[in-house]
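Engineer: Would you be able to build a 3D model of this:
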Amino acid sequence: MPVVEERAERASRNHHLPALVFDFGGPVLLTPFELVEELGPAAAAYQLLHGRGPMAPADHPDVDWADLMAGRITERTYWDHRAAEWGELGGGGESIREMIAHLFEPARPGLLRAGALQLMHDARVAGHRIGVLTNDLHAFHTDEWIAQMHVLDEVDVLVDGSIEGYLKPHPRLYEVMAERLDVATPTCSSWTTSRSTSRVRRRWASDAWRSTRGTPRRRTPSCGRCSAWPTRPPRCRPQTGARPSATSASVAAMNSPTTGLLVVDVQNDVMGSSVNRDQVIANIGSLVDRARERGVPVVWVRHHAERELQLGTPGWEIVPELTPADGEPIVDKAFSDSFAQTDLEDVLKAAGIGGLVLCGAQTDACVRNTFYGGLYRGYPMTLVADAHTTEDMQQWGVGYTPEQSIAVLNAQAAFTVLPDVRGAVTTTAEAFGG
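Structural biologist: Numbering: from 1, shown residues only. Take a look at the predicted model:
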């Protein structure tokens, strides 16, 4: 009996846990490194992936994979590199999605591991809840392909990092899973891949989620998108139809007296290397002026760190084009989430602020994490699409341009829905009534 099936059979006899969480890629879904073996040596994908990743022999290691395992590059960067190589080999395109479609379509039962499916079945019969955790389900696969993966119809909770704005192993992604399963982390077990895709190891959630801070808050299990909740959703996918905008009902509160403007990290050393610096600063200035004119509270956030942005240095100061007015609070932070270990929530409470319009820098760090940090704490968040920016980090192995980062966050923010709040996107011209 193969190792995966043998371990699944053994684990299925363990019925004392209320929930079982699966990583989707690897433990449930075959990996690209395995699928290329079906294609044969003549295929471009076979030439690209055969003997790569965890399948690479010791005497011919996959350098990119080693960098991924060491945390020097992201999983997305690894597959960006493979997709570019695939195009050069005549694979038919240069996007990750095209390459993944070539390997995984059509959807078919042979893509799934029998042992994992049996374990899911046994867990369901035993009365356990089932969660599936994935990084890139909706980023890499079409809605049609996902609809044909009927195993997803049998799970209680599906958490996709490409929708939530966090990628594994970010602890917040695991907290989201625990919250939607409505369990404390030590009361469920997680199946996840080890460094070798030929085997799967079972580990306790309390170990897998050791970075989380205590037991997650308990919420009504709901993804906000699936109408079948709180019973069981068919799956969690972005809604089709019109893109949410500043005119949607979810952001009607943006013009209410309880909405505030949050300006994040518009500091000299942060903005100095950011794209479209002058235009973004001008847009933020317009937002600040309009907020003040209409009685909307303005809150400023400044970042500091030991090596960069040291307190009191010129680079730490807010840019000269933007000046906090007397009485406007300034919150100093040391983490990318403006809510983390700061008094921001106390400041918002004192000002009677119940929702936030967000702008500033950097898009793929403090703006993104503050956006989702606000939502997770129950604040409706509206991102100003043309009033946030970031620097070019491709020299550090990031596989996307600043413009792509900005566009992706704008798209994700518009579709982010939680049980009681949702995200939305507006523009400088539309914010606070224009």
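
Engineer: Excluding chain neighbours, give the residue nearest to D136 in space.
Structural biologist: The shortest distance from D136 to any non-neighbouring residue, by CB to CB, 6 or more residues apart in numbering, is to S162 (5.0 Å). Using the backbone N, CA and C atoms, a C-beta is placed for each residue, glycine as well.

Engineer: The helix or strand hosting that neighbour - contacts with which helices or strands?
Structural biologist: In this assignment (DSSP states H and E), S162 forms part of helix 161-164. With contacts taken as 3 or more CB pairs under 8 Å, 6 or more residues apart in numbering; DSSP states H and E, helix 161-164 sits against strand 129-134, helix 137-140, helix 171-181, helix 402-415.

Engineer: just to revisit the earlier point, I figured the residue nearest to D136 hits A139, correct?
Structural biologist: Yes: using CB atoms under 8 Å, S162 is in contact with A139, at 3.8 Å.

Engineer: Who are the contact partners of S162?
Structural biologist: T134, N135, D136, L137, H138, A139, F140, Q412 (CB atoms under 8 Å, 6 or more residues apart in numbering).

Engineer: how close does it sit to V421?
Structural biologist: Distance, S162 to V421, by CB to CB, to the nearest Å: 20 Å.

Engineer: what does P106 give?
Structural biologist: P106 sits 38 Å away from V421, going by CB to CB.

Engineer: More neighbours: which of the two?
Structural biologist: V421 (21 against 9; other CB atoms under 10 Å).

Engineer: Verify the stated contact: that one with G378.
Structural biologist: Yes: counting by CB under 8 Å, V421 touches G378, with 6.0 Å between them.

Engineer: Spatially nearest residue to A325, not counting backbone neighbours?
Structural biologist: Per CB to CB, 6+ apart, closest to A325 is R292, 6.8 Å.

Engineer: Now the one you found. Its backbone dihedrals?
Structural biologist: phi -60, psi -40 (degrees, to the nearest 10).

Engineer: what about it, neighbour count?
Structural biologist: Neighbours around R292, by other CB under 10 Å: 14.

Engineer: What of T323?
Structural biologist: Count around T323 with other CB under 10 Å applied: 12.

Engineer: so the residue nearest to A325 touches G285, yeah?
Structural biologist: No: counting by CB under 8 Å, R292 stays clear of G285, with 10.8 Å between them.

Engineer: from the middle of its chain, how far away would the helix or strand hosting E98 be?
Structural biologist: Per DSSP H and E: E98 is located in helix 96-104. Helix 96-104 sits 21 Å away from the centroid of its parent chain (CA atoms, centre = their mean, to the nearest Å).

Engineer: what do you get for stretch 330-345?
Structural biologist: Counting by CA atoms, centre = their mean, stretch 330-345 comes out at 20 Å from the chain centroid.

Engineer: Can I take it that E328 is in a strand?
Structural biologist: No: counting by DSSP: H, G, I helix; E, B strand; the rest coil, E328 is not found in a strand; it is coil.

Engineer: Once you drop chain neighbours, what's closest to it?
Structural biologist: V298 (5.0 Å).

Engineer: Neighbours of that neighbour, how many?
Structural biologist: Here the count is done by other CB under 10 Å, and V298 has 20 residues near it.
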